[in-house]
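Starting from these lines, generate the structure:
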Amino acid sequence: MRALLIAIAAFALCGHAAAAGNAAKGKAIAETKKINNQTCAECHGPTGDAPTEKDRPILAGQYADYIAKALSDYKTGKRVNAVMNGVAKELSKGEIEDLAAWFSSQKSQKLHFQR
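All right, here's what the predicted structure looks like:
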């Protein structure tokens with residue numbers, strides 16, 4: 001039983017570490033990296049809390065693991081969105097982790113599950 005609990009804890013920590021990026025680098029990427037002539041901030045807002053269209057998600061306050069997984073899935077084509085597939089394709093694994101760290105560290109007035 002003890003071995004099982006240790007294994008579960010190890011897997012949980014591994015999953016968390018996979019999305020542990022640098023929030024300051026993520027902020028710089030979101031604000032300045034142009035992909036298809038746009039930055040993340042142009043569609044999702046500077047902190048990810050102000051999407052320019054109703055069909056664009058709020059990224060601020062989302063779990064880093066969720067954001068990293070979504071971007072990775074867009075990159076591989078497992079998740080399909082014409083704009084995001086092109087954007088994610090241009091991101092490195094490190095940039096994905098940094099963006100996930102940045103957006104997850106932001107507060108959202110619109111999400112109800114704030115940590």
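
What separation do you get for the residue lying closest to Arg56 once chain neighbours are set aside and Ala20?
Leaving aside its sequence neighbours, Arg56 sits nearest to Cys43 (Cβ to Cβ, 6 or more residues apart in numbering; 5.4 Å). All C-beta spots, glycine's among them, are computed from the backbone N, C-alpha and C. From Cys43 over to Ala20 the distance is 25 Å, taken as Cβ to Cβ, to the nearest Å.

If you count surrounding residues, which of the two has more?
The residue with more neighbours, out of Cys43 and Ala20, is Cys43; 18 against 14, by other Cβ atoms under 10 Å.

so how far is whichever strand or helix holds that one from its chain's centroid?
Per DSSP states H and E: Cys43 is located in helix 40-44. Going by Cα atoms, centre = their mean, to the nearest Å, the spacing between the C-alpha centre of helix 40-44 and its chain's C-alpha centre is 13 Å.

Please save the CA atoms from that helix in CSV.
Taking Å, rounded to 0.1, in the frame of the first residue of the first chain, the C-alpha atoms of helix 40-44 are listed here in CSV:
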residue,chain,number,x,y,z
CYS,A,40,-1.2,35.8,-27.6
ALA,A,41,-2.2,39.1,-26.0
GLU,A,42,-3.9,40.3,-29.1
CYS,A,43,-6.5,37.6,-28.9
HIS,A,44,-6.6,36.7,-25.2
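
All good on my end, thank you.
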